[in-house]
Structure formats: C-alpha cells, structure tokens
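Q: Here is my input; please provide its structure:
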Amino acid sequence: MAERELRGIVPLGDVYAALSRKTVVLPGVVFVGVLLGWEFVIPALGVESYILPTPSEILSSFLSEFSTIAKHLQYTLQAFAYGFTMTVVGGYVLALAMAQSSLVETVLYPYVIGARSVPIITLLPIFIVWLGFGFPSIVAIGFLISFFAMVVNSLSGFKSTDDELVEMIRSFSGNRREVFLNVYLYSSLPYVFAGIKICVILAFTGVIAGEYLVGMEGIGYLILQYNNNFATPEMFAAILSISAIQLLLFGLVVAIERTVVTWDATASRSM
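A: So this is what the prediction gives:
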C-alpha cells in the first residue's frame, strides 16, 4: 500500500470514496444548511408565513392536509397515465410509420414540426368547445404537450439504425417483423427512452397546467385554491408533493431503461 502511494497510484476504493463524498455528502450538507437557514433566518427577518412559510410549517401543513393532497394527486396521476400512455404509444407508432415509409415521413413530418410550433395552451378554447371542462381537456393538454417530443426522439432512433444490419437480416430472408425486432427495436431503444424521460416531465406539467385552467379536481386545481385562500404553507406542501412524484416517475423510467437497455448504445451504433 505504501509503495503504491509512493508511486502516485491511488487505489480505486479511495477514488470511489472521494467521489461519494463529493456527490452525496457535500450536496447533503448544503441541503441541510439551506433548510436550517430557511427555518431560523426567515422568521428572524419578520417574514410572515403567508409570504414564505418555514420548512416545519410546510411539513405540518402536509401532514394535516395529507388526505386532501393525496386525493387530488390520485386524480392528477390518473389524467397523467392516460395522456402519457397515449403519448408513448402514439408517438412511437407514428415515428415507426415515418421511418418505414419515406412517403409517410414526407407527408406527415412537416405537420408534426408545424404543430409543435403552436403553443398548446392557445388551443385550450378549442379543447373546451370539443371536450368541455374537466378531465378530457386536461388529458388532451398533457398528451399534446409531450407527444411531439416522443415522435422526434423515436424517429431519430429509427434513423440511427445501421443499414448494413438491415440488409444482412433481409439477405437471410428476414421479413419486416424480424428486421424490426432484431435491428430497429434495439437501435431505437436508447432514443426512445430519452424521449420517454422528457415526456414524463412534459406530460405531468401539461396535466398540472390543464388543472389550473379548466380543472375542477387535481393537484393543480388544489394549488390554485390554496393560493386564492392565502394558504401558503399548504400550497408549498402541494407543490413539493408534485416535485416528489415527478422525481419518482422519472426515477422509475430510468430504472426500467437500465434494466432493458443493457448494452452500450454507442458501441452498437459504431459496429
């Protein structure tokens, strides 16, 4: 050990420990310091809780309002599930159709880009006319805000496929289904998961925005009610609940990606 240190060779365990201290301990210390400063400095400055509540007040409000927050979160998650599922399935299928047919891509891709340039919120009056207030319009907003990101990322994945691999499968009398399962599917998955991670955030944000504007239930609607009643600690508790749920959903997608995409995507594209 001493000889290695004299030669300037640092054991891998020491390197890992040092990185762990930097990536875990230091952010944790900063987080605790911010919480303590927030808890004690803000009241000392005479800031009222309806302007900026302390962490303890937010926690207390979360515990007292837990059943209400959980009920509205359930509604939000249901709307998110519908919109997100439509986004992933619809975006993937449309991207696959454009990748398989140059005619379909030529016809539809300009419309995909053109529709993406339109702020979705400006379409809300149309959604209200077509779908009415409430759940359907909320799902539509969450779907459309995230749909185009899924299409573009999935299409990029299909476009990254090695043409030589496709020709090799076809040379062995592989049909369209076998080409998809053995080449296109694997090549596109890293891009698809990149799109899904983006869509998790966009779809959830779209649902919250829809609840602000046309909802009668949901965590977005609840936050608006807290704001109207100057219940700031409760509003912060609901906002932090949204952040926690989004982190959990994003982490779930990352965990699934690490389970499914077990190969080096960069290496596979260079083969």
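Q: going forward, measure contacts between C-alpha atoms and count neighbours the same way
A: Will do.
Q: how near is residue 30 to residue 66?
A: 28 Å (C-alpha to C-alpha, to the nearest Å).
Q: Also residue 101?
A: 51 Å.
Q: Could you point out the helix or strand that follows the strand or helix carrying residue 204?
A: Element membership of residue 204, judged by DSSP states H and E, is helix 185-214. Note on helix 185-214: by DSSP H and E, the next helix or strand toward the C-terminus is helix 219-228.
Q: Which other helices and strands does that next one contact?
A: Packing partners of helix 219-228 (3 or more C-alpha pairs under 8 Å, 6 or more residues apart in numbering; DSSP states H and E): helix 66-100, helix 185-214, helix 232-260.
Q: switch the cut-off to 6 Å
A: Under the contact definition 3 or more C-alpha pairs under 6 Å, 6 or more residues apart in numbering; DSSP states H and E, helix 219-228 sits against helix 185-214.
Q: more neighbours, residue 101 and residue 66?
A: Taking other C-alpha atoms under 10 Å, residue 101 and residue 66 do not tie; residue 66 has more neighbours (15 against 10).
Q: secondary structure class for residue 37?
A: helix (DSSP: H, G, I helix; E, B strand; the rest coil).
Q: again, but for residue 118
A: coil.
Q: Now do the phi/psi pair for it.
A: Phi and psi for residue 118, reported as degrees, to the nearest 10, are phi -90, psi 120.
Q: number of nearby residues for it?
A: For residue 118, using other C-alpha under 10 Å, the count is 10.
Q: Return the residues in contact with it.
A: With contact set as C-alpha atoms under 6 Å, 6 or more residues apart in numbering, residue 118 has no partners.
Q: Now do it against residue 48, distance only.
A: Taken as C-alpha to C-alpha, the span from residue 118 to residue 48 is 41 Å.
Q: Spatially, and excluding backbone neighbours, which residue is closest to residue 215.
A: Closest residue to residue 215 apart from its sequence neighbours, by C-alpha to C-alpha, 6 or more residues apart in numbering: residue 134 at 4.8 Å.
Q: Hmm, residue 218 and the one you found touching each other?
A: No. Proximity of residue 134 to residue 218 does not meet the contact threshold set by C-alpha atoms under 6 Å, at 9.8 Å.
Q: of those two, who's got more company?
A: Higher neighbour count among residue 134 and residue 218: residue 218, with 28 against 17, using other C-alpha under 10 Å.
Q: What is the burial count for the closest residue to residue 204 other than its chain neighbours?
A: Using C-alpha to C-alpha, 6+ apart and skipping residues adjacent in sequence, the residue nearest residue 204 is residue 80, 5.8 Å away. As a burial measure, residue 80 scores 25 neighbours (other C-alpha under 10 Å).
Q: Can you pull out the low-pLDDT segments for the stretch 1-150 of the chain?
A: Scanning the stretch 1-150 of the chain for pLDDT under 70 picks out 1-24.
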